[in-house]
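Q: Below: sequence and its predicted model.
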Amino acid sequence: MDDIFDVIDISKKNIIDNYTPCRISECFGDFDEVIEITNFKGIFRLKNVGRQIWLMLNGRNTISEIVDSVFEQMNIKDRNEVRKHVIKLIKNLSEKKMIIVNWNPLYKLEISQVIEE
């Protein structure tokens, strides 16, 4: 199956903005500006904004809400630029099987689910 980000042109479609990503991997260390995450592939470290995004990947915040939160804290005037960076990190975490891109508490969606339009 195709990757969810390959199926949707993220620059033109806003459907992904309503997705609620959720962490699968657990945090083993949260040290103010750095968070350490572990999964079967090793230990990963996220700093500053990456840490902030990771903490918001709880299955309740939409991608749009995460982008808004990061946008408010960064010194970037273009929200779309922030959106690209947030989605890039989410895609990276998804490829490492560390998150579910669109969490639904009633059932788990496959990470590589194909979206029917």
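A: That came through, no problem.
Q: Every contact and neighbour count from this point should use C-alpha atoms.
A: Fine.
Q: center of the protein, which residue is that?
A: Nearest residue to the geometric centre of the chain (Cα atoms, centre = their mean): Ile90, 3.0 Å.
Q: That residue: what secondary structure?
A: helix (DSSP: H, G, I helix; E, B strand; the rest coil).
Q: And for Gly50?
A: Gly50 is classified as helix under three-state DSSP.
Q: related to what we said a few turns ago, can you pull the contacts of the residue nearest to the residue nearest to the centre of the chain when sequence neighbours are not counted?
A: Excluding its sequence neighbours, the residue lying closest to Ile90 (Cα to Cα, 6 or more residues apart in numbering) is Val101, at 7.4 Å. By Cα atoms under 8 Å, 6 or more residues apart in numbering, Val101 lies in contact with 19-22, 90, 94, 111.
Q: per-residue pLDDT, Val101?
A: Predicted confidence (pLDDT) for Val101: 90.
Q: What of the one 10 residues further on?
A: What the model reports as pLDDT for Ile111 is 40.
Q: partners of the closest residue to Leu57 other than its chain neighbours in the sheet?
A: Residue nearest to Leu57 in three dimensions, not counting chain neighbours: Cys22, with 4.7 Å by Cα to Cα, 6+ apart. Beta-bridge partners recorded for Cys22 (DSSP bridges): Asn58, Ile100.
Q: residues in contact with Cys22?
A: Here Cys22 is in contact with 57-60, 99-103 (Cα under 8 Å, 6+ apart).
Q: Please repeat the previous calculation with a cut-off of 10 Å.
A: 54-62, 90, 94, 98-105 (Cα atoms under 10 Å, 6 or more residues apart in numbering).
Q: Repeat that for Gly59.
A: 19-23, 99-105.
Q: Having no further points to raise, I will conclude here.
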